[in-house]
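*Asks:* output the structure for:
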Amino acid sequence: MVYQRLTQIEFNHCDPAGIVFYPRYFEMTNSVVENFFNDVVGRSFASMHQNASNGVPTVSLTAEFVAPSRLGDKVLFSLKVEKLGRSSVSLRIEGHMGAEVRLRVALVLVWIDGMKSAAWPDAMRERLQAYMEDAA
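*Replies:* Just a heads-up that it's a prediction; the model follows:
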């Protein structure tokens with residue numbers, strides 16, 4: 001299974017050349033991750049950050065900007081769970097417009113409790129694991 005979100009490129013995403021300014025892609029991919037945790041993993045960022053001392057900070061991030069996206073484009077972001085560790089998860093996100101790849105991102109998140117890495121709570125681990133198995 002692949003988690004997907006469609007994002008329309010807006011004026012605020014673009015630089016003076018009319019293409020997505022690359023830091024905006026990181027905001028878009030973070031939105032995909034945030035919605036994945038809410039929709040699939042069962043923990044919203046709000047509940048983690050406001051009501052508990054938990055979170056999923058990014059500890060590793062690489063990006064490949066394959067082709068430019070322009071104002072008005074609709075980019076489909078796809079998220080796959082690639083690896084699940086004791087306290088970490090490796091994700092791959094790709095942005096496509098039609099058949100054309102626009103962006104590839106690999107990131108690693110770590111589950112924290114009280115500002116220290118901790119084992120995933122059982123319910124979250126089960127959802128991440130099921131999603132990973134479905135993606136294989």
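
*Asks:* gap between the residue nearest in space to the middle of the chain and residue 100?
*Replies:* With distances taken as CA atoms, centre = their mean, residue 33 lies nearest the centre of the chain, 3.0 Å away. The gap separating residue 33 from residue 100 is 23 Å, by CB to CB, to the nearest Å. Quick note: C-beta positions are derived from backbone N, CA and C, even for glycine.

*Asks:* same thing with residue 94?
*Replies:* Taking CB to CB, one finds residue 94 at 11 Å from residue 100.

*Asks:* so which elements touch the worst-scoring helix or strand of the chain on mean pLDDT?
*Replies:* Least confident helix or strand, the chain: helix 122-135 with a mean of 85, by mean pLDDT, DSSP states H and E. Secondary-structure packing of helix 122-135 (3 or more CB pairs under 8 Å, 6 or more residues apart in numbering; DSSP states H and E): strand 74-84.
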